[in-house]
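In: structure for the following, please:
(2 chains)
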Number of protein chains: 2
Amino acid sequence: MSGVPQSVLVIGSGLIGASIGLGLRRRGTRVWLQDADPDAEELARSRGAGESGVPTDDPELVIVAVPPASAAAVISEALDTYLTSTVSDVASTKSHLLLDVEGVGSDISRFVPGHPLAGREISGAGAARADLFADRVWALTPSERTDPARTAQVAAMAASLGALVVRTTPEAHDRAVALTSHTPQVVSSLVAAGLAPLDEADVRLSGQGLRDVTRLASSDPELWTEILTSNAGPVADALDGLLERLTAIRDGLREGRADEVRAALAAGVAGARHVPGKHGSQPVAYAAVPVVIADRPGELGRLFAAVGETGVNLEDVRIDHAQGRPTGIVELEVRPERAGVLATGLRAAGYEVRD
Amino acid sequence: MSGVPQSVLVIGSGLIGASIGLGLRRRGTRVWLQDADPDAEELARSRGAGESGVPTDDPELVIVAVPPASAAAVISEALDTYLTSTVSDVASTKSHLLLDVEGVGSDISRFVPGHPLAGREISGAGAARADLFADRVWALTPSERTDPARTAQVAAMAASLGALVVRTTPEAHDRAVALTSHTPQVVSSLVAAGLAPLDEADVRLSGQGLRDVTRLASSDPELWTEILTSNAGPVADALDGLLERLTAIRDGLREGRADEVRAALAAGVAGARHVPGKHGSQPVAYAAVPVVIADRPGELGRLFAAVGETGVNLEDVRIDHAQGRPTGIVELEVRPERAGVLATGLRAAGYEVRD
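Out: Coordinates of the predicted model:
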């Protein structure tokens, strides 16, 4: 039963559902797609994410990729309709959902709760990609009643799409995402909301930090209301902790206790080391070659052409954006043993390369 | 007295002081550099940021670029030593500093408080650049007692370095940076600190959002304690507002009031529109051409080479980083009228370009 599944029904053809369909078809799986919205289903089909209609036999796997508010009902219906199929889902919170599905009395042993952490700022099948899950974490949160063979089957499917499968309990998952995903969303929205009293000139007194912290604030309020309310307990607990720390630093400031402020900031430095994708947790450590670019149109294009001339492969690029424009220093990331060649070549081409 | 100054003394040779020196010297100004730390002064001098020693006549301008805690004392001393010079500074909070300088009884009419918003994650003269201030906001906060001709002189100096000069009052400045800079720093630190109870597997259940929100949390606690305590009142007020909104959303979640959650998130969407450098506030609107890249070493280098072949100038690049690696879709930003040529050229080269 493990390995890439031969037949999969995907219910819900948005970004996640359509991307799963695209990825599985590329690996030879037969995929059926269903969506309550015929236009959404047609868009996903036209992009090659699956075929319409209903499988005649039970599919090996049914993946429910509908909005969180309707997930429990659709999962139960799938378990009751396809009596031999494994059913999984992609909802971003798990404990509440599991209780809801259990409450209906469906055969919960075939249900493997899942959560691929692979959103994009764009939604819908139009943004779907076969490689959306490559190198992304895909959490599976089986309960004690889940058949382990079913869990292995869903894990193999997720791994076949390039995802990094992480198994945990529904409770640990929900507590984790409350801290790593839902709290950041809440603070991003609230910090952005706090800008309202500023006039346009004053709000210009800001830097990259404000852009980073408020990027999530542009997310869809409707979807996020569903997500946050479906994980209300763990999020409220996480916010309790944040409120406590925030009150302490506020009081420290008001009462002139600098030590309290310093301790709070130091705890943040320690916490930031745990954030994935920062501070050396990259699968490959690249060397950064910082190059100064002038603030002229097309300067970036000229730089990349010069990089091409050196014959050194570029692995990543980081650009600082001042006031919405790329400017200043571009960090070119390359394999460490190639950094010297790149720096020499760019200097020869007239670029200022920082040590 | 306006235009680029002929002689400037920079006191404090860290990132900001050394960058001012580099920029002014490039424009023909004679620059003296002083730092309490001889090694720091030597590093800045070796990078070409200025000469050692003391000017024989009063310099036109003295710029104090020392850490916030010692700024007031150094400014007063400069006003009392160079009796005809204009004195400015770069400290990130202004009201408290102005009170401190006024308290000493120096000639406050020659003091023009300033704040260039141009930090980098790296500090020290080694990271200094002549173009650090290009397109960055440089706030000036003259008091009622500041001689307007002195303010004009500092504004001309900042503009000569490419900065966008914004004039405001010390109070409005401090209230603005409390919301746009200090509050984001505090929440970033506190969200990161909140990750402490998670084990490594659970903290992997996170995405780009957590990285964005916690990026500032790695900042130097010592420097930020100085900054926050020097703006304690406005920051505490800003945190009061945040605490109120956070409590409302926490209570809304705990008591099942989804409307309250939705309203808070919607206010965040509205607030995010004010953030500079987002949502069309770019000086030039570029068109984004999204290109799919495979997850292979050097793929980015090959893409830029292909872009070069099309002859289209690249204005900006945005790369999604999954788990610390560039992957998936790269957004190439070009002038709108060139987007079609680029897309056609890249498709001909075998790339998948999204519409």
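
In: isn't residue A:43 up against residue A:13?
Out: Yes: taking Cβ atoms under 8 Å as the definition, residue A:43 is a contact partner of residue A:13 at 7.3 Å. (Glycine included, C-beta is placed from N, CA and C.)

In: what residues are shared contacts of the two?
Out: Common neighbours of residue A:43 and residue A:13, using Cβ atoms under 8 Å, 6 or more residues apart in numbering or on different chains, are residue A:125.

In: higher neighbour count, those two?
Out: residue A:13 (31 against 19; other Cβ atoms under 10 Å in any protein chain shown).

In: now do the SS call for the more buried one.
Out: coil (DSSP: H, G, I helix; E, B strand; the rest coil).

In: and it, backbone torsions?
Out: Dihedral angles of residue A:13 (phi, psi; degrees, to the nearest 10) stand at phi -110, psi 40.

In: can you pull the contacts of it?
Out: Contacts of residue A:13 (Cβ under 8 Å, 6+ apart): A:21, A:33-35, A:40-41, A:43-45, A:49-50, A:65, A:125.

In: one more: residue A:44?
Out: Contacts of residue A:44 (Cβ under 8 Å, 6+ apart): A:13, A:17-18, A:21, A:33, A:35, A:50, A:125, A:128.

In: would you mind giving me the confidence score for the nearest residue to residue A:136 once chain neighbours are set aside?
Out: Closest residue in space to residue A:136, ignoring its immediate chain neighbours: residue A:118 at 4.1 Å, by Cβ to Cβ, 6 or more residues apart in numbering or on different chains. We have a pLDDT of 81 for residue A:118.

In: residue A:118 touches residue A:132, doesn't it?
Out: Yes: the pair residue A:118 / residue A:132 is scored as a contact, 5.2 Å apart, by Cβ under 8 Å.

In: give the residues shared as contacts by these two.
Out: With Cβ under 8 Å, 6+ apart, residue A:118 and residue A:132 have common neighbours A:16, A:19.

In: how about the helices in the stretch 201-350 of chain A?
Out: A:208-214, A:221-230, A:232-254, A:258-272, A:299-310, A:339-348 (DSSP state H, counting those that start in this stretch).

In: quick one: strands adjacent to the helix or strand following the last one?
Out: Beyond helix A:339-348 in the direction of the C-terminus, DSSP states H and E gives the next helix or strand as strand A:352-353. Here the strand partners of strand A:352-353, with direction, are listed using DSSP bridges: strand A:287-293 (antiparallel).

In: buried set for the strand it pairs with?
Out: A:287-293 (16 or more other Cβ atoms under 10 Å in any protein chain shown).

In: I'd like the mean pLDDT over that strand, please.
Out: Strand A:287-293 comes out at a mean pLDDT of 81.

In: for chain B, give me its nearest residue in the stretch 101-250 of chain A.
Out: Distance from chain B to each residue of the stretch 101-250 of chain A (Cβ to the nearest Cβ) is smallest for residue A:189, at 2.7 Å.

In: gap between residue A:306 and chain B?
Out: 9 Å (Cβ to the nearest Cβ, to the nearest Å).

In: who's in contact with that residue?
Out: A:345-346, A:349, A:351.

In: swap the cut-off to 10 Å and go again
Out: Residue A:306 makes contacts with A:291, A:342, A:345-346, A:348-351, B:308, as judged by Cβ atoms under 10 Å, 6 or more residues apart in numbering or on different chains.

In: which of those residues are buried, as a ChimeraX select command?
Out: This is the ChimeraX syntax for the buried subset of those, where burial follows 16+ other Cβ under 10 Å:
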select /A:291,342,345,346,351 /B:308
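
In: in stretch A:53-60, what counts as buried?
Out: A:55, A:59-60.
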